[in-house]
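Student: kindly generate the corresponding structure for this input.
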Amino acid sequence: MADSAPPGWIYNETVRMFATPGDPPFEDEGELVRHWGRAWGVDNDVGRIRSILMHRPGPEMNVVDPTKRIESIGSYGDLEAGWYFQSDSVPPLAEMQAQHDAFVAALQARGVEVHFVDGVDGGRLKSCYTRDPLIMVKGGAIVCRMGTRIRRGEELSITRTLARLGIPILRTLSGSALMEGGSFAWINPKTAVIGCGIRVNREGAAQVAEVLKRQGVDLLAIDLIGYDIHIDGSFLMIDHDLALVDPFGLPYSFLEKLKELKVRTVEITPADNKWIVNSLAVAPGELIMPEGATNQTLDRLAAHGIRWTVLPYGAMQLNGGGLHCSTTPLIRDPA
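Tutor: Sure, this is the predicted structure:
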C-alpha cells in the first residue's frame, strides 16, 4: 500500500503513528532519568540531600577596598561600584575558606554529592551564597534575577553550571522581575512560600508561581518585615511538619497560615544567634547549624527529636549569609 500511496499520506501516517503524548509530564521521574540522566529537582526542604551546589569564596573577595569605609553604617562599601562588606575588618579569606571547606566535608561525609559553580566573575563577593541565583523545583531550575547590583551577572555563571551538569532550566526570570532564592521555601510538596521585600518583588513571585502552578503547587507570597532581604533568615522547615522560626521576622498572617497547614514551630529566643534559623536540613529532623543556639532552643529541638551538628561559620557570616545561604540542593529525596 505504501508503494502506491501519495508521499503526503505516508508522511502524515508516519507522524501519526509516532506521535508522543504530553503525559507523563516533563518533571516525571522516569522522563527525567530517561532524557536528562537523573531526576533533578526538589519538592521539599527536608528530604535527604543527594546533590548540592556551592561556591568556595575566592579572589572575588579582593574587591573589598580597605580605603572604602562608610563609617555611618560601620561597613566597607562603594556605592558607585555597588559592593559592600559589613564588618570592622576586611574579609578574612583564609578563615572563610576553612569554614566553607569544613561545611563541604560535613556534607560529603553524609554522602552528599557536592558540585561547584563555574567561572565566577571577579568582584562578585556574594557569589559564595549559591542559594540566591536559582530555585530548584521538580524537574529542574528557575534562574533568578538578582535584586542587588553587585550580584547581577551571577545568573550567567549559574546558567553555565546548570548546562554543564545537564540540569533542565524551566525558566529564567525576565522583565522587571526581582527574585533571589533565599526568599523561597518549600513548606510541603504542594505548598511553597516567597517572601517579598527589597530584593524580591511581586513580579518575580508571579513568574515563579507560573512554573509552580503547572506542577500543581500553590505559592504563598508574603511581605517580609522592614528591610529583611530573605525569608530564610526567619523560616526553615526542619522536618515534614516542623519549622524553626524567628517570630519577629515573620508576619502574623503567615504564622497563622502555618497552623492552618498543620506545621508546628520551634521559635528561637532573642538570646539565640539569629543565624541558627539559617541552618541546613540535610535529612528529615537532621540539621547542620552554626554556633550560638541557647540551651533553651536546643532543648526545644531535642524534644521534637531533632538532631544537629554544629559548625563554626562566623567568618562566612561576615559576608552576609549563613549555612543555608551557602547551598542550593539540586536533588532531595521526596518528602
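
Student: just want the most central residue of the chain.
Tutor: residue 131 (3.5 Å; C-alpha atoms, centre = their mean).

Student: that residue contacts residue 179, correct?
Tutor: No: in this structure, residue 131 sits apart from residue 179 without contact. The criterion is C-beta atoms under 8 Å, and the distance is 11.9 Å. For the C-beta atoms, the positions are set from N, CA and C on the backbone; glycine is no exception.

Student: between the two, which contacts overlap?
Tutor: By the contact definition C-beta atoms under 8 Å, 6 or more residues apart in numbering, residue 131 and residue 179 are jointly contacted by no residue.

Student: output the below-cut-off pLDDT ranges for the protein.
Tutor: Within the chain, the stretches with pLDDT under 70 are 1-3.

Student: now do the helices in the stretch 51-200 of the chain.
Tutor: Assigned by DSSP state H, counting those that start in this stretch, the helices in the stretch 51-200 of the chain fall at 93-109, 154-165.

Student: deepest of these, which one?
Tutor: With neighbours taken as mean count of other C-beta atoms under 10 Å, the helices of the stretch 51-200 of the chain reach their highest mean count in helix 154-165, at a mean of 18.

Student: I'd like to know which elements it is packed against.
Tutor: Taking 3 or more C-beta pairs under 8 Å, 6 or more residues apart in numbering; DSSP states H and E as contact, the helices and strands that helix 154-165 lies on are strand 113-116, strand 140-143, strand 169-172.

Student: show me the contact partners of that helix.
Tutor: The list of residues contacting helix 154-165 from outside it, by C-beta under 8 Å, 6+ apart, reads 53, 115-121, 124, 126-127, 130, 132-134, 141, 143-146, 169, 172, 330.

Student: that older thread, using TSV, lay out the helices of the stretch 51-200 of the chain together with distance to residue 200.
Tutor: As requested, these are arranged in TSV below (distance: least, C-beta to C-beta, whole Å):
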stretch	distance to residue 200
helix 93-109	25
helix 154-165	15
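
Student: C-terminal to the helix or strand that contains residue 212, what's the next element?
Tutor: Residue 212 belongs to helix 202-214 when assigned by DSSP states H and E. Where DSSP H and E defines the elements, the next helix or strand beyond helix 202-214 is strand 218-223.

Student: other SSEs contacting that following strand?
Tutor: Packed against strand 218-223, as judged by 3+ C-beta pairs under 8 Å, 6+ apart, are the following elements: strand 191-196, helix 202-214, helix 252-260.

Student: please point out which parts of the first one sit buried.
Tutor: Judged by neighbour count using 16 or more other C-beta atoms under 10 Å, the buried positions of strand 191-196 are 191-196.

Student: could I get the contacting residues of the residue nearest to residue 195 when sequence neighbours are not counted?
Tutor: Computed as C-beta to C-beta, 6 or more residues apart in numbering, the closest residue to residue 195 that is not its neighbour in sequence is residue 231, at 3.3 Å. Shown here is residue 231, whose contacts under the criterion C-beta under 8 Å, 6+ apart are 182-185, 193-195, 222, 224, 250.

Student: which one of those is nearest residue 315?
Tutor: Looking at these and their distance to residue 315, the nearest is residue 182, at 19.1 Å (C-beta to C-beta).

Student: the nearest residue to that closest one once chain neighbours are set aside: what's it in contact with?
Tutor: Closest residue in space to residue 182, ignoring its immediate chain neighbours: residue 230 at 3.4 Å, by C-beta to C-beta, 6+ apart. The contact partners of residue 230, by C-beta under 8 Å, 6+ apart, come to 132, 180, 182-183, 195, 199-200, 224, 325.

Student: if we go to 10 Å?
Tutor: Applying C-beta atoms under 10 Å, 6 or more residues apart in numbering to residue 230 gives the contacts 129, 131-132, 147, 180-185, 195, 197-200, 224, 249, 278, 321, 324-325.

Student: same check on residue 38?
Tutor: Residues touching residue 38, when contacts are defined by C-beta under 10 Å, 6+ apart, comprise 29, 32, 50-51, 165-167, 330-331.

Student: ok, which pair from those is furthest apart?
Tutor: Greatest spatial distance among the contacts of residue 38 (C-beta to C-beta): 29 and 165, at 17.4 Å.
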